[in-house]
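Chemist: Below: sequence and its predicted model.
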Amino acid sequence: MATESPLSLQNLITTARDFFCLIPDHRTEKPEYSIEDSLLSALGMFFFQEPSMLQFQKELRENQGDDNLHTLFEVAKIPKTTQLRRIVDEVKPEFLFPVFDSYFKTLSQNKLLQRFQILNGRYLFVLDGTEYFVSNATEKPCERCLKRELKDEKIQYYHQIVQAALIKPSVSAVIPFAPEEVCVQDGSTKQDCEVNAAKRLIKRLHSSHPHMDIILNGDDIFSRVPMVECALENKFSFIFVAKDSSHIHLYEWLSGIRKLDNISKYEKKDPEGNLQRFEWCCDLPLRSDAKTMVNWFSYSLFDKKGKRKYYNTWVTNIIPTKENIEELANAGRAKWKIENETFNVLKNYGYHLEHNYGHGKKNLSFNFVLLNLLSFFLHQIQRLATPLFQLARAKARTGYNFFEKLRSAIDFFVWESWEQLLEWVFIKRKPCRGPP
Ligand SMILES: [Zn+2]
């Protein structure tokens with residue numbers, strides 16, 4: 001059934017299945033449902049953004065003798081929802097990470113990562129933290145819940161991740177890296193913070209991609225000495241937002257240099273005729289101890305009346321020049337992309353996670369985030385690599401339309417392959433009476 005391209009959906013799902021089959025099963029009695037079937041069923045739900053998928057596919061199996069979780073996601077036996085939750089809750093999240101790395105490697109081997117290169121062969125990974133789950137007052141916390149006290153002294157439990165994604169300002173696809181959970185660490189009662197989770201993520205990013213020339217991009221909470229040192233220790237470059245309110249010493253230096261008129265400046269009109277101003281300055285101390293030196297740059301955009309529409313400032317270890325400053329500023333400003341494209345998917349979908357699948361006792365909610373991101377990864381690879389998927393997506397016009405049509409098709413009919421499903425729904429479809 002597998003098609004030739006290593007980037008076909010069928011082959012990527014087989015890869016996920018191969019990794020899921022390696023997960024140790026510690027259940028003592030012979031289980032009714034396997035770990036791989038549970039994870040693949042959940043992946044199918046997220047792929048189609050269809051919370052009722054298990055039920056519809058079970059009905060198809062009863063009536064037609066087969067179902068789409070079997071034909072498209074290689075699920076041998078669809079678990080009951082409660083069983084699925086229990087099984088996925090027990091899986092250590094680390095077992096899902098290699099699937100991300102393997103997809104990344106396949107993209108690389110097929111020369112698709114080159115499209116993401118910026119600044120002389122470097123790759124830009126945007127870091128960001130997000131909350132994906134907040135419990136209501138009556139719910140019990142799980143083992144990995146973070147807690148905080150609200151104004152009325154009530155305790156609120158929540159989950160947060162730090163995410164990294166490979167982006168390029170001019171490429172619409174976004175490649176996710178397996179996120180790091182912000183959580184209470186073993187043996188520690190102190191709550192972990194976003195920066196510590198980001199440090200763990202950076203180490204893992206380096207060990208997954210030791211030969212990649214990576215630039216980390218992040219907001220102002222990352223432009224501090226420990227984070228900058230962590231980036232450099234892992235041989236990464238960085239472009240972090242650095243606001244004047246949080247870098248008083250750095251900006252005192254800068255204002256002295258400005259008085260001497262020693263800040264480099266370059267101006268250029270954008271395609272709409274608005275004026276862009278780039279400024280930069282090298283070798284400034286990030287902190288008063290002057291142990292960590294950084295380069296600073298800014299970007300301003302003025303409309304035709306001369307009113308400033310946008311302004312931001314960054315620190316980096318890359319040396320800004322007149323030749324690269326525009327690309328540096330584009331890379332710095334690229335952060336909105338992960339917020340708009342990646343986290344919207346997660347957050348909107350997080351709503352479903354919370355309400356339809358539950359929170360679990362151990363790893364359930366984080367594993368669901370990982371599977372959700374893995375389905376997002378599958379969509380992104382198809383957008384980059386599969387002409388049939390690209391054509392189908394273009395015909396559907398919107399993402400909502402695309403998935404809405406797919407959901408209708410899989411709820412009623414069993415499809416032998418991804419090609420058959422996409423071709424029939426989006427390309428060859430003609431109005432007809434009853435089933436095809
Ligand atoms: Zn929890």
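Modeler: In hand now; what should we look at?

Chemist: now the strands for the stretch 201-350 of the chain?
Modeler: Using DSSP state E, counting those that start in this stretch, the strands found in the stretch 201-350 of the chain span residues 214-218, 237-241, 264-269, 275-285, 293-302, 308-316.

Chemist: Partner strands of the longest one and their direction?
Modeler: Here strand 275-285 is paired, per DSSP bridges, with strand 264-269 (antiparallel), strand 293-302 (antiparallel).

Chemist: same thing with the first one?
Modeler: Its sheet considered, strand 214-218 pairs with strand 123-134 (parallel), strand 237-241 (parallel) by DSSP bridges.

Chemist: Nearest approach to the ion belongs to which of these?
Modeler: The ion sits nearest to strand 123-134 of all these, at 6.6 Å, using C-beta to the ion. For every residue, glycine as well, the C-beta is placed using N, CA and C.

Chemist: What residues of that closest one count as buried?
Modeler: 123, 124, 125, 126, 127, 128, 129, 130, 132, 133 (16 or more other C-beta atoms under 10 Å).

Chemist: Does residue 142 belong to a helix, a strand or coil?
Modeler: For residue 142, the assignment made with DSSP: H, G, I helix; E, B strand; the rest coil gives coil.

Chemist: Please apply the same query to the one 5 residues further on.
Modeler: Here residue 147 is recorded as strand under three-state DSSP.

Chemist: how much space is there between it and residue 67?
Modeler: Distance, residue 147 to residue 67, using C-beta to C-beta, to the nearest Å: 41 Å.

Chemist: one step back: could you dump the strands of the stretch 201-350 of the chain to TSV with mean pLDDT and mean neighbour count?
Modeler: What follows is those, written out as TSV (pLDDT from 0 to 100; neighbours: other C-beta atoms under 10 Å):
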stretch	mean pLDDT	mean neighbour count
strand 214-218	96	24
strand 237-241	97	23
strand 264-269	96	12
strand 275-285	97	17
strand 293-302	97	20
strand 308-316	96	18
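
Chemist: okay if I get those strands as JSON lines plus distance to the ion?
Modeler: Converted to JSON lines, the strands of the stretch 201-350 of the chain look like this (distance: least, C-beta to the ion, whole Å):
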{"stretch": "strand 214-218", "distance to the ion": "25"}
{"stretch": "strand 237-241", "distance to the ion": "30"}
{"stretch": "strand 264-269", "distance to the ion": "49"}
{"stretch": "strand 275-285", "distance to the ion": "41"}
{"stretch": "strand 293-302", "distance to the ion": "37"}
{"stretch": "strand 308-316", "distance to the ion": "35"}
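
Chemist: hmm, back to that, of the buried residues of strand 123-134, which is the nearest to residue 84?
Modeler: Of all the buried residues of strand 123-134, residue 84 sits closest to residue 133, with 18.0 Å by C-beta to C-beta.

Chemist: Contacts only, for the residue nearest to the closest one when sequence neighbours are not counted.
Modeler: Using C-beta to C-beta, 6 or more residues apart in numbering and skipping residues adjacent in sequence, the residue nearest residue 133 is residue 159, 4.1 Å away. For residue 159, the contacting residues are 131, 132, 133, 144, 145, 146, 181, 182, 183, 365, 366, by C-beta atoms under 8 Å, 6 or more residues apart in numbering.

Chemist: isn't there a helix covering residue 159?
Modeler: No. Counting by three-state DSSP, residue 159 is not part of a helix but strand.

Chemist: Against residue 64, how distant is it?
Modeler: From residue 159 to residue 64 the distance is 39 Å (C-beta to C-beta).

Chemist: Low-confidence regions, the stretch 251-400 of the chain specifically.
Modeler: Within the stretch 251-400 of the chain, the ranges that satisfy pLDDT under 70 run 336-357.

Chemist: Next: the stretch 1-150 of the chain.
Modeler: In the stretch 1-150 of the chain, residues with pLDDT under 70: 1-3, 137.

Chemist: since we're on residue 4, how many residues are nearby?
Modeler: 6 (other C-beta atoms under 10 Å).

Chemist: Run through the residues that contact residue 123.
Modeler: Counted by C-beta under 8 Å, 6+ apart, residue 123 has contacts 113, 116, 117, 166, 212, 213, 214, 215.

Chemist: Now do the contacts for the last one.
Modeler: Shown here is residue 215, whose contacts under the criterion C-beta under 8 Å, 6+ apart are 118, 119, 122, 123, 124, 125, 236, 237, 238, 239, 318, 331.

Chemist: Mind listing the residues bridging to the spatially most central residue of the chain?
Modeler: Centroid-nearest residue in the chain, with C-alpha atoms, centre = their mean: residue 176, separated by 3.8 Å. On the basis of DSSP bridges, residue 176 is bridged to residue 165.

Chemist: Thought residue 167 was touching it, still the case?
Modeler: No. In this structure, residue 176 is not within contact of residue 167 by C-beta atoms under 8 Å, at 10.0 Å.

Chemist: what's near enough to touch the nearest residue to residue 69 once chain neighbours are set aside?
Modeler: Residue nearest to residue 69 in three dimensions, not counting chain neighbours: residue 75, with 4.0 Å by C-beta to C-beta, 6+ apart. By C-beta under 8 Å, 6+ apart, the contact set of residue 75 is 37, 40, 41, 44, 67, 69.

Chemist: let's see 7 Å
Modeler: Going by C-beta atoms under 7 Å, 6 or more residues apart in numbering, residue 75 touches 37, 40, 41, 69.

Chemist: just how off-centre is the helix or strand the last one falls within within its chain?
Modeler: Secondary structure from DSSP states H and E places residue 69 in helix 68-73. Counting by C-alpha atoms, centre = their mean, to the nearest Å, helix 68-73 is centred 25 Å from the centre of its parent chain.

Chemist: so after it, what's the next helix or strand?
Modeler: Counting by DSSP H and E, what follows helix 68-73 is helix 81-90.

Chemist: Report the buried residues of that following helix.
Modeler: 81, 83, 84, 85, 86, 87, 88, 89, 90.

Chemist: What helices and strands are in contact with the following helix or strand past it?
Modeler: Once the chain leaves helix 81-90, the next helix or strand it forms, by DSSP H and E, is helix 97-109. When contacts are defined as 3 or more C-beta pairs under 7 Å, 6 or more residues apart in numbering; DSSP states H and E, helix 97-109 sits against helix 9-21, strand 175-182, helix 364-385.

Chemist: and those, which is most packed in?
Modeler: Comparing those by mean neighbour count (mean count of other C-beta atoms under 10 Å), strand 175-182 comes out on top with a mean of 25.

Chemist: Please save the CA atoms from that strand in PDB.
Modeler: Presented in PDB, the C-alpha positions along strand 175-182 are these (Å, rounded to 0.1, in the frame of the first residue of the first chain):
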ATOM      1  CA  ILE A 175       8.300  22.800  10.800                       C
ATOM      2  CA  PRO A 176       7.700  22.000  14.500                       C
ATOM      3  CA  PHE A 177      10.300  20.500  16.800                       C
ATOM      4  CA  ALA A 178       9.000  18.400  19.700                       C
ATOM      5  CA  PRO A 179       8.200  20.900  22.500                       C
ATOM      6  CA  GLU A 180       9.500  20.900  26.100                       C
ATOM      7  CA  GLU A 181       7.000  20.800  28.900                       C
ATOM      8  CA  VAL A 182       7.300  23.400  31.600                       C
END
